[in-house]
Structures are given as structure tokens and as C-alpha cells.
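Novice: Quick one: sequence plus predicted model below, questions after.
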Amino acid sequence: MATSFAAYADDLVFTSWGGTTQDAQKEAWADPYTKASGINVLQDGPTDYGKLKAMVDSGNVSWDVVDVEYDFAIAAAKAGLLEPIDFAIVDKKEIDPRFVTDHAVGSFYYSFVLGYNKDVLKEEPKSWADLFDTAKFAGKRTFYKWSAPGVLEIALLADGVAPDKLYPLDLDRAFAKLDTIKKDIIWWGGGAESQQFLASGEAPLGMFWNGRIFAIQQTGGNVAASWNQNLTAADVLVVPKGARNKEAAMKFLATATSADGQAVLATRSGYAPININAKTRMDAAVVASLPDAHSEGQINLDMGYWAQHRDEIAKRWYDWQAK
């Protein structure tokens, strides 16, 4: 994804995570928005929280709409980094109330799942505990690189912690569990990279956003996912404080959260829509493959906990990774 370009005054800059997900967002939202408004939408990325904060602090904001993780949005709003959503433009009543705040609206609803390459593994892993069983499942395993919801919860579940006892996270226990496979971990920093590791067999099993497994399958890759104890969360869309094209950004959010926009994105990406009417516009087979069709044993990641503790967890996380 290009990170330097000339944005004209009337252009809108949308920043997301790259790869197949951003391609789907462009098709579902940016292209229809441009057709309807005449405003060109430039694509940038990947999302970088430090960069977003630096833009706002300097008053030189070049991003108009940014796809971020939900816990970051909560913390960023408290820190004054985000514009309030204009609900005179964005139709709040069509958005699942779990995925809307005064400063953010849902982008998509996803699950972390255990993904594996069927060409490489002779046996299919079925639980997070299998991800830590290097005797039964040889090879590298891949995890999300950044300090964010997911990895620590997976380690605790693999170690036998009950889902309703995850929070507050027992960090000592989680890191001790991760220590048992640390030398076998390859870290992915973005969805496109995670797809590459899995599809190539470089890391034949690991944690993935469910849409990335879906994307590999759509191109004929022989991969699969275990939905056992899938971990759910949502990405949300925000407008950085001081964005140059604030009104246009709000209209883009209206397109992105519309039933049509969400239906197209869900169909292309495999992620669930946050618009409550989107599924009526989707094929029943696609609806049946979405994260919210796998609700049995599903675990909701606690975004409020992470928003409160992200910084302290991050320090320990990156210190541990560096050792």
C-alpha cells in the first residue's frame, strides 16, 4: 500500500490494513462513494496508531477515515484524538449497538480462529491447546505481532483457563505458556503477511482473522479453520481530530455502514456486517459462513479491559518479544 502521494484538497484518504480486506473495502465503499459523490478516495496504509497520534499532535492530518481496532478507538477518543461522529449524516439506528460509540462506527465484525494448512499437516488441529503442542503438530506457528487482544487470551485458554475467567488477564500465566513455544513462533504484522505464512506452509498453523482464511480458500488454497473458542471483536472506523475533509469523511462513513456497503464487504471478505439490515441483501450460504454463525463456544474479547490496560500490557509484551 502506497504511503506517500499527493492528496488534493477534495480527495478523501482512507487508511486500513492492506491486502484482501482493504481491497474489499475499496470495492464495497470507496468505489460507490466516488461514483455517487465525485470525490476521489485515495488508499493508504497500513494503519499505524503512532502515526495517527503524531498527525493529530502536529495538526498536520493527512488521513480522513481510518480503520482501527475497537480498543484503540475507545482509548483514542478519551485522549482527544478523534472527531465525534455526525449522526445527522451517519444512520446510527441501522448499526448494531455493540459497534457504535460517539467517536467510532463499526467497520466489520471478525473472529480470531485457529487456521491450518491441510497440505502440510497430517492431522487437523482442533483447539488452541493444539497450537501449543509441538510434538503432535510440528512446524512453525504464527501469531499476531502487536500488543492487542487475542494472543494472551489464546495462551490462557490453551493453558486451561475457563472462558468466563479470562479477565483480568493473568499475564504471568499467559507469558509462561507462550514461553513454551516462543522459539517456534513467526510473527505476522498484518493480514496479508499472515495469509502468506499460512498459504506457503512456512507456518502451517496459527491464529488468523477468519477473513484471511476465507481469502486463501477463495483462491484455491487448501487451508481450513477450527472455530472452537473463536475470539470475536470488531474493527471500527474513526475520523482523526483535525481531518481536512471532515464532512466528506462523515458521508464516507454513511456509505461504509450502509446495508448495501456492509453486505458487499461481508460477501467479499468473509467478515460479518455491522449493519443490522445487511444480511437481507446477502446470499444465505455466505451468511452461514460468517463469524456470528459460529456462536457456540464463541468468546467476546473484552475491549474495555484492553482500552484500560493496553499501554501497560504493551510494555511487557514488547520487552518479552525482544528477549
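Specialist: That came through fine.

Novice: where exactly do the strands run in the chain?
Specialist: Taking DSSP state E to define them, one finds strands in the chain at 12-15, 41-44, 65-69, 100-101, 104-117, 141-144, 185-188, 205-209, 223-238, 299-300.

Novice: partners of the residue positioned nearest the centre of the chain in the sheet?
Specialist: For the chain, the residue whose C-alpha lies nearest the mean C-alpha position (CA atoms, centre = their mean) is Asp235; its distance is 5.1 Å. For Asp235, the beta-bridge assignment (DSSP bridges) gives partners Glu69, Phe108.

Novice: Find me the pLDDT at it, would you?
Specialist: Taken from the predicted model, the pLDDT recorded for Asp235 is 96.

Novice: pretty sure it contacts Asp71?
Specialist: No: with contact defined as CB atoms under 8 Å, Asp235 and Asp71 do not form a contacting pair (10.7 Å). For the C-beta atoms, the positions are set from N, CA and C on the backbone; glycine is no exception.

Novice: Quickly note the distance from Arg173 to Ile154.
Specialist: With distances defined as CB to CB, to the nearest Å, the gap from Arg173 to Ile154 amounts to 12 Å.

Novice: Which of the two has more residues huddled nearby?
Specialist: Just comparing Arg173 and Ile154: by other CB atoms under 10 Å the higher neighbour count belongs to Ile154, 25 against 15.

Novice: Just give the closest residue to the more buried one, not the sequence neighbours.
Specialist: Spatially, and ignoring its direct neighbours in sequence, Ile154 is nearest to Trp128 (5.0 Å; CB to CB, 6 or more residues apart in numbering).

Novice: Could you list which residues are in contact with the one you found?
Specialist: Neighbouring residues of Trp128 by CB atoms under 8 Å, 6 or more residues apart in numbering: 114, 154, 157-158, 228-229.

Novice: Neighbours of the closest residue to Ala73 other than its chain neighbours, how many?
Specialist: Counting by CB to CB, 6+ apart, Ala104 is the residue found nearest to Ala73 once chain neighbours are left out, at 4.1 Å. Residues lying near Ala104 (other CB under 10 Å) number 25.

Novice: just Gly220 next, same as before
Specialist: Using other CB under 10 Å as the criterion, Gly220 is surrounded by 7 other residues.

Novice: Quick check, pLDDT for it.
Specialist: Gly220 is assigned 95 on the pLDDT scale.

Novice: From Asp119, how far out is it?
Specialist: Following CB to CB, the distance that separates Gly220 from Asp119 is 11 Å.

Novice: ok, back up a step: mind checking which of the strands of the chain is nearest Glu247?
Specialist: strand 12-15 (10.4 Å; CB to CB).

Novice: And the contacts of that closest one?
Specialist: Counting contacts by CB under 8 Å, 6+ apart, the residues touching strand 12-15 from outside are 7, 25-26, 29-30, 33, 39-47, 62-67, 245, 248-249, 252.

Novice: Of those, which qualify as buried by neighbour count?
Specialist: Among the contacts of strand 12-15, those scoring as buried are 7, 25-26, 29-30, 33, 39, 41-47, 62-67, 245, 248-249, 252 (criterion: 16 or more other CB atoms under 10 Å).
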